[in-house]
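[1] Sequence unavailable; structure follows:
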């Protein structure tokens, strides 16, 4: 299918944009003055899906509805995503690659926990930039048992990947796995604090504070 | 159904007992000299299920086969377990209660991480006593994606329960969650080392060593 065949539903798109913009001022950098400029198809589908999952629930939303709201076809949807769940998890591989390469590029002298912390803080900065859509996604995940399970599996995979990255830096086991698991635990708890706070707390900062707390806790304080 | 109605297949039971005994000398304390003495129905069903899952795979085993090998009826199976997966996870609630009550009964002066570590070491001692059936169960879990997911969820629930037990001791957040998550990470990594070692390493000891490693790792060593 060529892009010329893509059905454009401008009025629908406007509704979607307004609906999403109401939930998030940062999801779409959409300048009305720019007329026809639109985000890419993947981004449009993702935003439409998040909005619908939030409004109707994940279970109740169909791929047809997502495609319609994004002003695209179902066929286009399936060019980007295997199913409606993948819309919420396709970024996991990118996040994992980012964490692994950040750990790999840490200074040789960096302690394992510091290499992991630097990677998580850098990822935290990316989450911070997309705070509104991250919050929206999280609300969808929390509301659905199957999605919560998938999120747990994602975090376990991230921990394994981080441990592998540390081993490639010469860190022995079980130190590599412990540093990776501790890092993911810190990230999870920092993330939960960050999303539960109405304030615009800085996620990388919350991650650093949580790591300091973990250091105090493991020191028996 | 009264116990008198339970179908007893003695020759089948013998096969099951020999088959299980071959895999595990500790699963059944079965003294041939004692004649009719047999483990309880729940234990027999569990042992039969573990043996069959190990031989044929979890997916390929039916409840009818489990009941038959245990010398019991399907109806008896469903009196104890909702489905064949629950055979592998019914102990989770007991484990959670045990961990929570052990944390609750730690001395007032105990640091959060030490209260958690004491509970995990005590649980480790129970695992140690049942090493052969724990290994058998673990092999079944590892071989099946759905069961691995369920195990992750179980561990996440244990961490939540431990954090709750710490909060009831007056430990503030995020220290409570961090100590609980760190404890579960230590347990997981210690458990993996313990099952992968051919030697008869002592699980509580491996847990203590892993906690010491975590302390070194978080201290930036």
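    Great, that's in hand. Predicted model, so just to flag it, every value in this text is computed and none were measured.

[2] which element follows the helix or strand that contains residue A:93 toward the C-terminus?
    Element membership of residue A:93 [criterion: DSSP states H and E] is helix A:91-104. The first helix or strand that comes after helix A:91-104 along the chain, using DSSP H and E, is helix A:112-129.

[3] what's the following helix or strand after that next one?
    With secondary structure assigned by DSSP H and E, helix A:112-129 is succeeded by helix A:131-142.

[4] list the buried ones in that following helix?
    A:131-138, A:140-141 (16 or more other C-beta atoms under 10 Å in any protein chain shown). The way it works is simple: take the backbone N, C-alpha and C, and place the C-beta from them, glycine included.

[5] Quick check: buried residues in the lengthiest helix in chain A?
    Of all segments of type helix in chain A, defined using DSSP state H, the longest is helix A:145-168. By neighbour count on 16+ other C-beta under 10 Å, the buried set for helix A:145-168 is A:147, A:149-156, A:158-159, A:161-163, A:165-167.

[6] Format the buried residues of helix A:131-142 as CSV; extra columns: distance to residue A:101 and pLDDT.
    Below are these laid out as CSV (distance: C-beta to C-beta, whole Å; pLDDT from 0 to 100):
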residue, distance to residue A:101, pLDDT
A:131, 24, 89
A:132, 27, 88
A:133, 23, 89
A:134, 21, 92
A:135, 27, 91
A:136, 27, 92
A:137, 23, 94
A:138, 25, 94
A:140, 28, 95
A:141, 25, 95
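
[7] nearest to chain B, of those residues?
    Closest approach to chain B among those (C-beta to the nearest C-beta): residue A:141, at 13.3 Å.

[8] The closest one reaches residue A:148, doesn't it?
    Yes: using C-beta atoms under 8 Å, residue A:141 is in contact with residue A:148, at 6.1 Å.

[9] quick revisit: if we check chain B, which of the buried residues of helix A:145-168 are in contact?
    Subset of the buried residues of helix A:145-168 in contact with chain B: A:149, A:152-153, A:156, counting by C-beta under 8 Å from any C-beta of the partner chain.

[10] how about the residues of chain A near chain B?
    With the criterion set to C-beta under 8 Å from any C-beta, chain A comes near chain B through A:111-114, A:149, A:152-153, A:156, A:174-175, A:177-179, A:181-182, A:185-186, A:188-190, A:193, A:210-211, A:213-221.

[11] Helices - which of these land there?
    Cross-referencing the residues of chain A next to chain B against helices under DSSP H gives A:112-114, A:149, A:152-153, A:156, A:175, A:177-179, A:181-182, A:185-186, A:188-190, A:193, A:210-211, A:213-218.

[12] Helix or strand, whichever it is, which one in chain A has the lowest mean pLDDT?
    For chain A, using mean pLDDT, DSSP states H and E, the weakest element among its helices and strands is helix A:10-23, scoring a mean of 34.
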